[in-house]
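Q: I'll drop the sequence and a predicted model, then ask my questions.
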Amino acid sequence: MQKPIAIWLLVCCALVFAMVVVGGVTRLTHSGLSIVEWQPIVGTMPPLSQSDWDELFEKYHQTPQYKKINLGMSLDEFKYIFWWEYFHRLLGRVIGLAFFFPFLYFIAKKAIDRPLGLKLTGIFILGGLQGGMGWYMVKSGLVDNPHVSQYRLTAHLGLAFAIYAAMFWVALDLLYPVGASLVNSKMRSLRRFSIALTTLIFIMVLSGGFVAGIQAGLAYNTFPLMDGHIIPPELFMLEPWYLNFFDNMTTVQFDHRLIAWTLAILISIFWFKSRSVPLSGSARLACTLLLVMLAVQISLGISTLLLVVPLSLAAAHQAGAVLLVTAALWVNHQLR
């Protein structure tokens, strides 16, 4: 039953992909603070009556986001942001159920051995932690500051990518078991290169979390220069110096751009190196797809920046990050 398990995991990956995109839209529409309580069971039910809406709206009135940003918001405007956050949380619950019940079924069918069972249990635990991390993130915006902590947002985003990567990798293991193969020094070098690239891509994802967390994409909406500068003078305005990498819009955006340029160079070199290595057709396709996906993602990033973060492009850019990670994981798996 290896193939059905792999298909199940890939379906869960698709759900997590949707979750990341919906989460991005929730953040971009400033909807994440519209639900001020975490009720994993009771919260599944949406408001069904006018009194339910009035009660939720009154609770939102007590939040710093309403008092400092959305004062005077109408109930219809509140409903718009509420539904984005509601569906984001509902999708999280759906993912949990879509993982848990098939997991029990495959265990009952004795289709999962101990090593695989431990991997899947670990993924399930990460999913539970993700729910807690999501609420921990939301709480940071319900006290004084009407914005969530960029540190917690980045941790939430990084954990989502880790869960996605773990499920996708296990699915690949089931679909393409590793067999004996001829490995030479060029192949080993290319494999190490691909691991380094995947690590750097994940770092770029995290840097994107900080860009989103402090809304750094709303500044320096020029390319390739940052308001006429290759290296903007505001890079180290904050003290102590290390806070600039997390709190300074200039530095956070500069770092994100720098990682993207670095990946553009390194992945191009990687692709050329792969042409001199005797790879299978699927491995060669994976290497090319990685290069193409990076070009698409950088194009989306530049367009999002120049157009000052329109919702559709920003959501597509977040989706592109998941697809870029997917391509990198597939390359790594093909080169094993």
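A: Sure, I can see it.

Q: return the alpha-carbon coordinates of stretch 70-84 using PDB.
A: Extracted in PDB, the C-alpha atoms of stretch 70-84 (Å, rounded to 0.1, in the frame of the first residue of the first chain):
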ATOM      1  CA  ASN A  70     -10.200  50.300  12.000                       C
ATOM      2  CA  LEU A  71     -12.100  52.700  14.400                       C
ATOM      3  CA  GLY A  72     -15.600  53.100  13.000                       C
ATOM      4  CA  MET A  73     -15.500  50.000  10.800                       C
ATOM      5  CA  SER A  74     -18.900  48.700   9.800                       C
ATOM      6  CA  LEU A  75     -20.200  45.200  10.500                       C
ATOM      7  CA  ASP A  76     -20.100  44.400   6.800                       C
ATOM      8  CA  GLU A  77     -16.400  45.400   6.700                       C
ATOM      9  CA  PHE A  78     -15.700  43.300   9.800                       C
ATOM     10  CA  LYS A  79     -17.400  40.300   8.100                       C
ATOM     11  CA  TYR A  80     -15.000  40.500   5.200                       C
ATOM     12  CA  ILE A  81     -11.900  40.200   7.400                       C
ATOM     13  CA  PHE A  82     -13.600  37.700   9.700                       C
ATOM     14  CA  TRP A  83     -14.300  35.200   6.900                       C
ATOM     15  CA  TRP A  84     -10.700  35.200   5.700                       C
END
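
Q: pLDDT at Leu182, what is it?
A: Leu182 carries a pLDDT value of 54.

Q: now the one 4 residues further on
A: In this model, Lys186 is scored at 82, pLDDT.

Q: in which helix or strand would I find it?
A: helix 185-213 (DSSP states H and E).

Q: ditto for Gln65
A: Element membership for Gln65 (DSSP H and E) is helix 64-68.

Q: quick check: what element follows that helix along the chain?
A: helix 75-108.

Q: run the chain-centre distance for that next one.
A: 17 Å (CA atoms, centre = their mean, to the nearest Å).
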